Every structure is written in structure tokens, then in C-alpha cells.
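K.L.:
Here is the input, now give the coordinates:
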Amino acid sequence: MAYATYAEFIASINNDSLPIELLDQTIIEDALEDAAALILSFICVAYENVSEPYDRAIKRKNIDIAYFYLMEGRGFNPGNLSDDVINNSYNSAITYLEKLQQNKVILSNKADSANNLLNAPWVEV
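P.N.:
A predicted model of the protein is given here:
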């Protein structure tokens, strides 16, 4: 299950950047699902489960990765600043997920997770 909805995706992107055929709800929902699968591959290392309500950061990363997947199918224009923003947002999402996986960042709504740093003992360094 995707962490973000079709409506959240549409509300947060530049609709003019996607060809009309990629604005189809089914295509976008599939991209959100694919992005969620990638996100889950990172999350499951640090968290036993992730359930609703989903952390706002995870929703944003779901959208950023799905947007990248859709644009990847269309193709990126190296001279287009909007394409650079989408590519940078994707790279930022991956970096965030890597940090999440390493418990360097935590999900705000998962304070009860056994693997969450909020439950870790304080260690004096």
C-alpha cells in the first residue's frame, strides 16, 4: 500500500511537467506503489511495522520517488531546471531513507517501535 494518495500526489507536483497520458490515476497509483515498495525495503530494517497515520516525511518521499519514476519513463532533459529538481528530490529521498535505515533519523509517529531510537538508552560519549 502506498504511503501517499493520488490526490496528495496531484496536489504536490507540477502537473505541467508530466505528459497527459501519465496523469492517469492508475498510472500514478502504480508509481506510488512502486515507490512504496522501495521505501518499505529501507523501513523494514529499522521498524517492525509502519501503519497509518503515515509520517509526513514518508508521504513526501513516496511522492518524490513516484514522481521520479514517472519522469524517468518520460525521459529527463538535462537542460530543464524542473527535471533537475525532480532528480534532486529523488536523490534526497534515497539519502533520507538510507539514514532512516541506519537509525540516524526516526519516523515521528513511531515512538513505540522496538527499534526506534526514542526507546534506546542514553549513552554518554
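
K.L.:
use CA for all of it now, contacts and neighbours both
P.N.:
OK.

K.L.:
what about Lys104, how many neighbours?
P.N.:
Neighbourhood size, Lys104 [other Cα atoms under 10 Å]: 11.

K.L.:
and it, backbone torsions?
P.N.:
Per-residue torsions, Lys104: phi -90, psi -20 (degrees, to the nearest 10).

K.L.:
roughly how far apart are it and Ala46?
P.N.:
Lys104 is 10 Å from Ala46, where distance means Cα to Cα, to the nearest Å.

K.L.:
now swap in Leu70 and tell me
P.N.:
28 Å.

K.L.:
Start from the N-terminal end of this structure and give the helices.
P.N.:
For the chain, applying DSSP state H gives helices covering 6-12, 25-46, 56-74, 81-101.

K.L.:
can I get those in a markdown table with mean pLDDT, mean neighbour count and distance to Leu18?
P.N.:
Shown next, in a markdown table, are the helices of the chain (pLDDT from 0 to 100; neighbours: other Cα atoms under 10 Å; distance: least, Cα to Cα, whole Å):
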| stretch | mean pLDDT | mean neighbour count | distance to Leu18 |
| --- | --- | --- | --- |
| helix 6-12 | 95 | 14 | 11 |
| helix 25-46 | 92 | 18 | 11 |
| helix 56-74 | 92 | 20 | 7 |
| helix 81-101 | 92 | 17 | 11 |
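
K.L.:
nearest to Ser108, of those?
P.N.:
Ser108 sits nearest to helix 56-74 of all those, at 8.4 Å, using Cα to Cα.
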